[in-house]
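Participant: Quick one: sequence plus predicted model below, questions after.
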Number of protein chains: 2
Amino acid sequence: MNVTALGYVLLGLLARESRSGYDLAQNLRRPVGFFWAANHSQIYPQLARLEEEGLVEHEVVDQRDRPAKKVYTLTPRGRETLRTWLVEPLTFPTYRDELTLKAYSLWLADRVEAARMLREHAEEHRAREAVCQTYVDDLTDHASEALTRVDTPEFAAYVAAQRGVSIAREARSWCLWVARLLEAQTPLTEAQLRSLPMPPS
Amino acid sequence: MNVTALGYVLLGLLARESRSGYDLAQNLRRPVGFFWAANHSQIYPQLARLEEEGLVEHEVVDQRDRPAKKVYTLTPRGRETLRTWLVEPLTFPTYRDELTLKAYSLWLADRVEAARMLREHAEEHRAREAVCQTYVDDLTDHASEALTRVDTPEFAAYVAAQRGVSIAREARSWCLWVARLLEAQTPLTEAQLRSLPMPPS
DNA sequence: AGTGGCATGTAAGTGGTTACATGATTGG
DNA sequence: CCAATCATGTAACCACTTACATGCCACT
């Protein structure tokens, strides 16, 4: 019973609510898609595999105004599999970060162009932060009671969305810091080199 | 001339110094490997492709005490290709973060076990931060003059290594924040929910 | 003779992306 | 009738991982 990461994404969504493959594909844009994206071409075969292993079941539901759909539901076994996986130790992730990759060769680049690229990228992270923050705010406004208990889906969504904010801010801070260094007059001072804002270690 | 991210990793390393495929594989552990890891089985074919496209060249170098090696060198065309790519806009990355994925289903988990898992993971990020910080300190100690100019390989390595520190801290802060919430007495207060340390937005 | 590090490759399998393909149903 | 959305799938390709495979050279 080898469940892939995408498998756990789908189990995690179905644990909250039964859904069709189509709906799962839609919900995989916001908010979960911030941490694991997938296309429908991957989702349909994955659901079939999960069903083979008895972790989900489906039921065909006819709709008046739309084509019929297969609604998938988590089985007790699926729920147990998900619960077990949750607390298993994580293998340290191998980052594949094109941004830092570029940074490593930045000494070759045109300073002005490079600073512009970094500021543009920082702007995209600002936008992403705003989307995640909106999600956080919605939860605090409309589910403040659920957030006081850690066993609610809302609490889990809250901490995940906060991670989105946190990651976006980290990326943005770093981009702007490097951009400032590139735009500064050389020689750079020690203070400038140390001025990257960071969460406390 | 479609160069992949791994291609640019290799071009970036060869821009600093000519090396064999074996050496590239070794150097791809620390420090660049923090942002783009690769095995030798990927590197050798990739070098061949880069050579086909005229971005690198190789020369067989005999060694007394060891087997001969193919030393690859960046061509002027390879250098230009790298320089152009550096300032091109980045496509916003699709995160694949298993940690936040687990967080999204955390409401189902055993609180104590989940907090333990998060604290263990935080510890790994602390170790990663230390490795990156050591690299930063080495540069500040032994290449402080080079760091005052943005057109030195040392400066680029410095900002990349600082990104490593920054990412590790962000992850660690978030893990510990969630662990504290899981361990706290419910109901959680607003202050607890807002207590995630972050860089300024 | 065996082990271990240096050095270079190929092959099989997996996960993900992009594109192809089909059909139901509604609304203009 | 046509376009758009809902709904479900398959096929081709690519990057990456893991395993297999070979050979050189030094040291014990």
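Facilitator: That came through, no problem.
Participant: drop to CA atoms for contacts and neighbour counts, all remaining ones
Facilitator: Noted.
Participant: residue contacts, A:Ala15?
Facilitator: Contacts for A:Ala15 were tallied using CA atoms under 8 Å, 6 or more residues apart in numbering or on different chains; they are A:Thr73, A:Leu74, A:Arg79.
Participant: how about the residue in chain A that DNA strand C sits nearest to, secondary structure?
Facilitator: For chain A and DNA strand C, the shortest gap (CA to the nearest atom of the strand) falls at A:Asp65, measuring 3.2 Å. Three-state call for A:Asp65 (DSSP: H, G, I helix; E, B strand; the rest coil): coil.
Participant: can you redo the contacts of A:Ala15 as a markdown table with distance to A:Trp85?
Facilitator: What follows is the contacts of A:Ala15, written out as a markdown table (distance: CA to CA, whole Å):
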| residue | distance to A:Trp85 |
| --- | --- |
| A:Thr73 | 19 |
| A:Leu74 | 15 |
| A:Arg79 | 10 |
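Participant: Can you tell me which of those residues has the most neighbours?
Facilitator: In terms of neighbours by other CA atoms under 10 Å in any protein chain shown, the contacts of A:Ala15 top out with A:Leu74 at 26 neighbours.
Participant: Which of the contacts of A:Ala15 sits closest to DNA strand D?
Facilitator: For the contacts of A:Ala15, the closest approach to DNA strand D (CA to the nearest atom of the strand) belongs to A:Thr73, at 12.1 Å.
Participant: would the closest one count as being in a strand?
Facilitator: Yes - A:Thr73 forms part of a strand when assessed by three-state DSSP.
Participant: Relative to B:Ala115, how far out is it?
Facilitator: Going from A:Thr73 to B:Ala115 by CA to CA, to the nearest Å gives 28 Å.
Participant: now swap in A:Gly33 and tell me
Facilitator: In terms of CA to CA, A:Gly33 sits 24 Å off from B:Ala115.
Participant: and those two? which has more neighbours close in?
Facilitator: Remark: of A:Gly33 and B:Ala115, B:Ala115 carries more neighbours, 22 against 18, as counted by other CA under 10 Å.
Participant: For the residue positioned nearest the centre of chain A, what are phi and psi?
Facilitator: Taking CA atoms, centre = their mean, the centroid of chain A lies closest to A:Phe35, which sits 1.8 Å from it. Recorded main-chain torsions at A:Phe35 are phi -120, psi -10, according to degrees, to the nearest 10.
Participant: ok, it - contacts?
Facilitator: Neighbouring residues of A:Phe35 by CA under 8 Å, 6+ apart: B:Thr94, B:Tyr95, B:Arg96, B:Asp97, B:Glu98, B:Thr100, B:Leu101.
Participant: and A:Asp23, how many residues sit next to it?
Facilitator: 13.
Participant: Also A:Ala130?
Facilitator: Counted with other CA under 10 Å, residues neighbouring A:Ala130 total 15.
Participant: need the contacts of A:Phe35 in JSON lines with distance to A:Arg169, can you?
Facilitator: JSON lines is the format used below for the contacts of A:Phe35 (distance: CA to CA, whole Å):
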{"residue": "B:Thr94", "distance to A:Arg169": "16"}
{"residue": "B:Tyr95", "distance to A:Arg169": "15"}
{"residue": "B:Arg96", "distance to A:Arg169": "18"}
{"residue": "B:Asp97", "distance to A:Arg169": "16"}
{"residue": "B:Glu98", "distance to A:Arg169": "19"}
{"residue": "B:Thr100", "distance to A:Arg169": "16"}
{"residue": "B:Leu101", "distance to A:Arg169": "19"}
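Participant: quick one: which of those residues sit in helices?
Facilitator: With DSSP state H as the criterion, helices contain B:Glu98, B:Thr100, B:Leu101 from among those.
Participant: Adding neighbour count, write those out as a markdown table.
Facilitator: Converted to a markdown table, the ones in helices among the contacts of A:Phe35 look like this (neighbours: other CA atoms under 10 Å in any protein chain shown):
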| residue | neighbour count |
| --- | --- |
| B:Glu98 | 20 |
| B:Thr100 | 26 |
| B:Leu101 | 24 |
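Participant: Can you tell me which of these is nearest DNA strand D?
Facilitator: Distances from DNA strand D to the ones in helices among the contacts of A:Phe35, taken as CA to the nearest atom of the strand, are shortest for B:Glu98 (14.7 Å).
Participant: Surely the closest one and A:Gly7 touch.
Facilitator: No - B:Glu98 is beyond contact range of A:Gly7, at 11.7 Å (criterion: CA atoms under 8 Å).
Participant: And the strands in chain A, which stretches?
Facilitator: With DSSP state E as the criterion, chain A has strands at A:19-20, A:56-61, A:69-74.
Participant: Let's have those in a markdown table, adding mean pLDDT and distance to DNA strand C.
Facilitator: Below are the strands of chain A laid out as a markdown table (pLDDT from 0 to 100; distance: least, CA to the nearest atom of the strand, whole Å):
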| stretch | mean pLDDT | distance to DNA strand C |
| --- | --- | --- |
| strand A:19-20 | 98 | 13 |
| strand A:56-61 | 98 | 11 |
| strand A:69-74 | 98 | 9 |
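Participant: can I see the domain layout of chain A?
Facilitator: With domains defined by automatic domain parsing, chain A comprises A:5-87, A:98-193.
Participant: Pick the most deeply packed of the ones you listed.
Facilitator: Stretch with highest mean neighbour count among the domains of chain A: domain A:98-193 (a mean of 20; mean count of other CA atoms under 10 Å in any protein chain shown).
Participant: which parts of chain A sit against DNA strand D?
Facilitator: Applying CA under 7 Å from any atom of the strand, one finds that chain A approaches DNA strand D through A:20-23, A:40-42, A:44-45, A:63, A:66-71, A:94.
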